[in-house]
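A.B. asks: Fold the following and give me the result.
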Amino acid sequence: MKAIIELVKGKNISYTPVWFMRQAGRYLSSYRRIRKRYTFLEMCETPELAAEITLQPVRKLNVDAAIIFSDILLPLRAMGLKVYFTEKGPFVFGDEIHSIDMEKMLFTGKIMRILKKELTDKTLIGFCGAPFTLMSYIIGKGRPDENRTKYLMYNRKEDFKNRLNTITDSMIEYLKLQMESGADMLQIFDTQAGILSPCDWKEFALPFVKKLITPFKGKTPTSYYVNGMSGILNIVEETGADILSIDWRIDIKNCKNSNKTVQGNLDPSALLAEKTIIEEKATYIMKMMEGKRHIFNSGGGILPQTDEDKVKFLVDVVHEWKKEL
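C.D. replies: Just a heads-up that it's a prediction; the model follows:
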């Protein structure tokens, strides 16, 4: 049984399903052993390697979902831009973007198909960056620059929106590839949209996210995440996403009246604390979501310095919590 998908469909699940943003990566010793031998790009674009890294936290932690090991910036390489991944972070070069060349992204489909065979009772998650967030990385050349992004957004509005449309259309094709290759759920990361006022979010993020989600309605559940979303919490459901994925800056009790499945909320820094504190933080979140459709998750990516045993402890705490149905 794929608990997350059953939950989103409205079925009663006796426990709270759990997965984490960046659950595959630097905090895992098994990942670090592979990283010594390959570059980040090699790991992402080699199907067998990417699949193995994706599966590591599923085996180690017993989480309820596997999210493909990749990066939101990878598709930009198939859109005419040069993208480099270094120890200091990503760099993006080039100003002209074109529609995505899906031939250059077929490795993603291969990864998904490998994972689909391995995951019989776990949810397989595909993902992409949201249009505004990808635009921010392009403008900042890999380092989002809030002031420059807003300058172009306000002063070159027509060009800005045209480029957002190109990104949106390309991400639709990218998500379709993942869906058709076996993804059970699609996650959209809008990590930079939190810099927008509610009014600007409605103009420069919402229409493009809605357009991105529309082709998947009734086919594959979608989840929308904004880092720093407190200012738009009351309007974010307008995207049409099936799952409201929230960060840690919101008291989750404010989401109790949502008609959506709610996902997330744990501050990833809490995993650096003692186990008693981790359990306390997790218990509060689950108590607040009692009787609601809730997927336990961090409100941001797991930090590299996190002890993997503490993450396993948290998964056990979540799974052992008895929900009132």
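A.B. asks: after the top helix by length along the chain comes which helix or strand?
C.D. replies: Determined from DSSP state H, the single longest helix within the chain is helix 157-180. Counting by DSSP states H and E, the next helix or strand C-terminal to helix 157-180 is strand 185-190.
A.B. asks: And the spatially most distant residue from the centre of the chain, how close does it get to residue 149?
C.D. replies: In the chain, the residue that sits farthest from the middle, by C-alpha atoms, centre = their mean, is residue 155; the gap is 30.3 Å. When distance is defined by C-beta to C-beta, to the nearest Å, residue 155 is 11 Å away from residue 149. (Each C-beta comes from the backbone N, C-alpha and C, glycine too.)
A.B. asks: quick revisit: how near is the residue farthest from the centre of the chain to residue 148?
C.D. replies: Distance of residue 155 to residue 148, computed by C-beta to C-beta: 11 Å.
A.B. asks: which residues of this structure score low on pLDDT?
C.D. replies: 322-325 (pLDDT under 70).
A.B. asks: if we go to 50?
C.D. replies: 325 (pLDDT under 50).
A.B. asks: Quick one: the helices in it, in order.
C.D. replies: Per DSSP H, the chain carries helices over the ranges 3-8, 29-35, 40-45, 47-61, 106-118, 131-139, 146-155, 157-180, 198-204, 206-213, 275-288, 308-320.
A.B. asks: between those helices, which gets nearest to residue 296?
C.D. replies: The closest of the helices of the chain to residue 296 is helix 308-320. By C-beta to C-beta, the value is 4.7 Å.
A.B. asks: burial measure for the nearest residue to residue 153 once chain neighbours are set aside, as a count.
C.D. replies: Residue nearest to residue 153 in three dimensions, not counting chain neighbours: residue 160, with 5.2 Å by C-beta to C-beta, 6 or more residues apart in numbering. The local packing of residue 160 (other C-beta atoms under 10 Å) involves 18 other residues.
A.B. asks: what residues are up against residue 160?
C.D. replies: With contact set as C-beta atoms under 8 Å, 6 or more residues apart in numbering, residue 160 has these partners: 135, 152-153, 204.
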